[in-house]
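Colleague: Here is my input; please provide its structure:
(one chain, ligands or ions: 1)
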Amino acid sequence: MDVAERGLLLENRWDDAVAASLSPEALLVYRSNLLGSDKRITNYGGGNTSSKLDERDPLTGETVKVLWVKGSGGDIGSMRLDGFATLYMDKLISLQAIYKSDAQEDEMVGLYNHCTFNLNPRATSIDTALHGFIDRPHVDHVHPDAIIAIAASADSRKLTQEIYGDTVGWVPWRRPGFELGLWLKKFTEENPKARGLVLEAHGLFTWGDTQKECYETTLDVINRATEFLTKHSAGKSAFGGERIKSAMPEKRRAVAAGLMPVIRGLISKNGPFKLGHFDDSPEVLEFVGSRDLATLAPLGTSCPDHFLRTKIAPLVLDFDPGTQEVADLLPGLPEALETYREGYAAYYNRCKRANSPAMRDPNAVVYLIPGIGMLTFAADKATARIAGEFYRNAINVMRGATTVSVYRGLPEQEAFDIEYWLLEEAKLQRMPKPRALAGKVAFITGGAGGIGMASARRLMQDGACVVLCDIDRGVLETSRGELAKSFGADAVSTVWADVTKEDALVAAFHEAAAAFGGLDICVCNAGIASASPLEDTTLAIWQKNIDILATGYFLTSREAFRTMKEQGLGGSIIMIASKNALVASPGAAAYCTAKASELHLSRCVALEGAPFGIRSNVVNPDAVLRGSRIWKGEWGEQRAASYKTESFDDLEAVYRERSLLKRSVYPEDIAEGVAFFASEISSKSTGNIINVDAGNANAFTR
Ligand code: NAD
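Modeller: Below is the predicted model of the structure:
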């Protein structure tokens, strides 16, 4: 089978009919989205596109040439027209007259704003000059793995020549900026027939007279590199062949789940909490289990986009799933992480310049475990996932480069100068302040129910990631979809469990650990309501209440406690009990007793948790009719019958009038109590109770 048959080549997805209906500006968006939608062409957020278009100058009414170029931030796969910066071409070119040496590079970026066309507020990127100075109407700059494999090879110039002849040029590594823009200008002036340029250790520039030609050239240049690499890889085993056999999927996940909270604890102790991501895709397993892992991993990544996300090098843990268990890995972790931090600090000290920003977090982002996979940690889940994707790109690059040559990471000083570039620092400083629960993970049982979902929404508004756990698979899935729509798919995960079943619940907490890397907030909430006079209460009714409400809360809080203790970052356990935990109601002995036990359980958890910074508190709802599924069933009917009400609204009114404040209580009100106990605002409260019941004198605590 050749490369095309194996689906390795990029397909031309240009649609002439669609293109014909678009304005030149819209066509630039179309071209950019087509390119960015395939991660083989460019990584998330990486690369940029441009067109030099005729526009009417709002000042003079005359036609002027304007550079439309992707602005700072954003992703070409999803960007819209407002993602492009616009600059007067003549002004941009005129900057060449005042540029004398590369000492002025950072200063030049500030001058791009003076070239802005039509008051466009989009900030320009550092790649602006690269696009502006290539004297061609349309320019693409992308980071395809196949091209970077060539670009990161020891003899990348020779390989570029071998693949493309004179049609694609090559320039040595140079940090993006004004100077590199001038290099590209010189190259295109001297090589009028060239269609593109490989940038050593970085990526690809291609161009065309029309947008379609530009797009097709980009695809063609990448496909030729893919064909070349595929041809040379035939019959060779990647990375020197297998050293460690991969564990079975269940063991891989179990090791990740056991490892992640401990790593998270060790790297979050002295700074913001991190979130984790686990990847055991075939390409990761092939690399981490290979003979060459030990020599390739320390070389670091090459493309600047890659190492800005992954740090200069990963941390490799020594492990063999054939003979070892996760428990064998844990004792050595603190030292392994400390050694990495010391190595990073030494790199910082070796490379820092007089005006370098202070050293950033010295912990590793990428953790490689032979036979198991890769863990990545970052300030939020999406960034952790994307860091993993970037390292996968780096693996592809190393595979390609070692097939045809010797792989080369970027020289250390160059990597440092990018990582600690003042412009990068300014970008970090511009980032919005993190929200109150950013970096935190909440596990909510009964998460698909009324109070569970309201709590999830409230915690996510404050930046938490949420694991919804429920017994109802259908509603669980719909709830996941709803939250993903509002807060992004990265921030929510679901897991099925019956809280009365120990094995299922233990497995659910492992899933949560593998999904986000740990746990900070646990809301024990899965529940039911039931009523029957004492004499009619069967053992089955009694047992059901005890199983779900008492045993369920016990098992949930115990598992949360274990993870939190192991993680060493404290935590907050919140039990949704009931007014009936404090006030006995006639005809509900089983329910009231089970609810009362939750309250006391919380106090016991508070006592044992305090030495570890684990808090436990109770929120007591009462009569939350709207949104609750409890009230839609038998319970609601029984209550309606006993109060002789005809409609749901009437029943709600009965409870409203019964309250001291004469107000209805909603799931969102309970969620506020949850948010209070989850956040640092309540960091000095444990063993406490908040009633959210619109006032009930019998339930006053004392
Ligand atoms: P709800 O029915 O809307 O949500 C409860 C969720 O728990 C449901 O999604 C259900 O599928 C899940 N669940 C039930 N049994 C389970 C099990 N064995 N394992 C896993 N999941 C299970 O009800 P709600 O009103 O949101 O109630 C949430 C909590 O609040 C319950 O503990 C309830 O007792 C308590 N509470 C509610 C009220 C109220 O008026 N709604 C009053 C006091 C206390």
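
Colleague: my read: residue 122 touches residue 87, true?
Modeller: No. In this structure, residue 122 is not within contact of residue 87 by CB atoms under 8 Å, at 10.3 Å. Every residue, glycine included, has its C-beta placed from N, CA and C.

Colleague: Leaving out the residues flanking it, which one is nearest to residue 204?
Modeller: Using CB to CB, 6 or more residues apart in numbering and skipping the chain neighbours, the partner closest in space to residue 204 is residue 147 (4.5 Å).

Colleague: element containing the one you found, please.
Modeller: If you go by DSSP states H and E, residue 147 is part of helix 145-151.

Colleague: Run through who's touching that helix.
Modeller: 40, 156, 159-160, 163, 198-204, 221-222, 225-226, 228-229, 302-303, 393, 396-401, 403-404 (CB atoms under 8 Å, 6 or more residues apart in numbering).

Colleague: before we move on, what about stretch 223-233?
Modeller: 3, 6, 8-10, 144, 146-147, 149-150, 159, 162-164, 399-400, 403-404.

Colleague: got the residue ranges for the helices in the stretch 251-400 of the chain?
Modeller: Remark: helices assigned in the stretch 251-400 of the chain by DSSP state H, counting those that start in this stretch are 282-288, 293-296, 304-310, 326-329, 333-351, 381-404.

Colleague: roughly how far apart are the residue of the stretch 251-400 of the chain at minimum distance from the ligand and residue 323?
Modeller: The minimum distance from the stretch 251-400 of the chain to the ligand, using CB to the nearest ligand atom, falls at residue 257 (20.0 Å). Here the criterion is CB to CB, to the nearest Å. By it, residue 257 lies 20 Å from residue 323.

Colleague: Looking at these two, which is more packed in?
Modeller: residue 257 (22 against 7; other CB atoms under 10 Å).

Colleague: Would you mark the buried spots in the lowest-mean-pLDDT helix or strand in the chain?
Modeller: Least confident helix or strand, the chain: helix 422-430 with a mean of 76, by mean pLDDT, DSSP states H and E. Buried residues in helix 422-430, defined by neighbour count with 16 or more other CB atoms under 10 Å: residue 424.

Colleague: And the contacts of it?
Modeller: Under CB under 8 Å, 6+ apart, the answer for helix 422-430 is 72, 106, 109, 126, 308, 355, 357, 418.

Colleague: mind running it again at 7 Å?
Modeller: 106, 109, 126, 357 (CB atoms under 7 Å, 6 or more residues apart in numbering).

Colleague: And stretch 692-702, by the same measure?
Modeller: Contact with stretch 692-702 is made by 579, 582-583, 619-622, 659-661, 663, 665, 669-670, 673, 689, 691, as judged by CB under 7 Å, 6+ apart.

Colleague: go again using 6 Å as the cut-off
Modeller: 579, 582-583, 621-622, 659-661, 663, 665, 669-670, 673, 689, 691 (CB atoms under 6 Å, 6 or more residues apart in numbering).

Colleague: Please apply the same query to stretch 243-251.
Modeller: 285, 289-291, 320-322, 370-371.

Colleague: if you average pLDDT over that stretch, what comes out?
Modeller: Averaged across stretch 243-251, the pLDDT comes to 97.

Colleague: show me where the stretch 351-500 of the chain has strands.
Modeller: Using DSSP state E, counting those that start in this stretch, the strands of the stretch 351-500 of the chain run over 366-369, 373-378, 441-445, 465-470, 492-496.

Colleague: Sheet partners, orientation included, of the second one?
Modeller: Using DSSP bridges, the strands paired with strand 373-378 in its sheet are strand 275-279 (antiparallel), strand 366-369 (antiparallel).

Colleague: Off-centre distance for that strand?
Modeller: With CA atoms, centre = their mean, to the nearest Å as the basis, strand 373-378 stands 11 Å off its chain's centre.

Colleague: What mean pLDDT does that strand get?
Modeller: pLDDT averaged over strand 373-378 gives 98.

Colleague: do the same with the last one
Modeller: Averaged across strand 492-496, pLDDT comes to 98.

Colleague: ok, it near the ligand or not?
Modeller: No. Against the ligand, strand 492-496 shows no contacts by CB under 6 Å from any ligand atom, the least distance being 8.4 Å.

Colleague: So what angle separates the directions of that strand and strand 441-445?
Modeller: 40 degrees (axes from the mean of the first three to the mean of the last three CA atoms, to 10 degrees).

Colleague: Figure out how far the following helix or strand past strand 492-496 is from the centre of its chain.
Modeller: Next along the chain after strand 492-496, taking DSSP H and E as the criterion, comes helix 502-516. Taking CA atoms, centre = their mean, the mean C-alpha location of helix 502-516 is offset from the chain mean by 20 Å.

Colleague: which residues touch helix 502-516?
Modeller: Contacts of helix 502-516 (CB under 6 Å, 6+ apart): 253, 256-257, 260-261, 275, 278, 441, 443, 465, 467, 469, 493, 495, 497-499, 555, 559, 563.

Colleague: Same check on stretch 253-265?
Modeller: 274, 276, 278, 326, 330, 333, 372, 510, 513-514, 517-518, 563, 566-569.

Colleague: Just the buried ones from those?
Modeller: Buried among the contacts of stretch 253-265 by 16+ other CB under 10 Å: 274, 276, 278, 326, 333, 372, 510, 513-514, 517-518, 563, 566-569.

Colleague: so which pair among the residues you listed is furthest apart in space?
Modeller: 372 and 569 (23.1 Å; CB to CB).

Colleague: Contact partners for residue 75?
Modeller: Residue 75 neighbours (CB under 6 Å, 6+ apart): 36, 44-45.

Colleague: Let me know the closest of the residues you listed to residue 450.
Modeller: residue 44 (36.1 Å).

Colleague: what does the model give the closest one for pLDDT?
Modeller: Listed pLDDT for residue 44 reads 85.

Colleague: Residue 2 too?
Modeller: For residue 2, pLDDT reads 67.

Colleague: And the one 5 residues further on, by the same measure?
Modeller: Model confidence at residue 7, given as pLDDT, is 79.

Colleague: The one 3 residues further on too?
Modeller: If you check residue 10, the pLDDT there is 96.

Colleague: who's in contact with it?
Modeller: Taking CB under 6 Å, 6+ apart as the test, what residue 10 contacts is 219, 222-223.

Colleague: which residue sits closest to residue 126, ignoring its sequence neighbours?
Modeller: Closest to residue 126 by CB to CB, 6+ apart is residue 176, at 5.2 Å.

Colleague: Who wins on neighbours among the contacts of helix 422-430?
Modeller: Neighbour-wise, the contacts of helix 422-430 (other CB under 10 Å) top out at residue 126, 23 neighbours.

Colleague: Among the contacts of stretch 243-251, name the ones that also lie close to the ligand.
Modeller: Applying CB under 6 Å from any ligand atom to the contacts of stretch 243-251, none is adjacent to the ligand.

Colleague: How far off centre is stretch 394-414?
Modeller: So, by CA atoms, centre = their mean, the centroid of stretch 394-414 is 25 Å from its chain's centroid.

Colleague: what do you get for stretch 207-225?
Modeller: With CA atoms, centre = their mean, you get 31 Å for stretch 207-225.

Colleague: Let me know the average pLDDT across it.
Modeller: 98.

Colleague: Ok, stretch 470-485 next?
Modeller: What stretch 470-485 shows for mean pLDDT is 97.

Colleague: which residues touch the spatially most central residue of the chain?
Modeller: The residue lying closest to the centre of the chain (CA atoms, centre = their mean) is residue 382, at 1.1 Å. Residues in contact with residue 382 (CB under 6 Å, 6+ apart) are residue 490.

Colleague: give me the element the nearest residue to residue 522 once chain neighbours are set aside is part of.
Modeller: If you skip the residues right next to it in sequence, residue 522 has residue 560 as its closest partner in space, 3.5 Å away by CB to CB, 6+ apart. Using DSSP H and E, the element containing residue 560 is helix 552-567.

Colleague: can you list contacts of that helix?
Modeller: Counting by CB under 6 Å, 6+ apart, 261, 265, 445, 499-500, 502, 505, 509, 518-519, 522, 524, 526, 571, 573, 575, 598, 601, 605, 612, 614 sit against helix 552-567.
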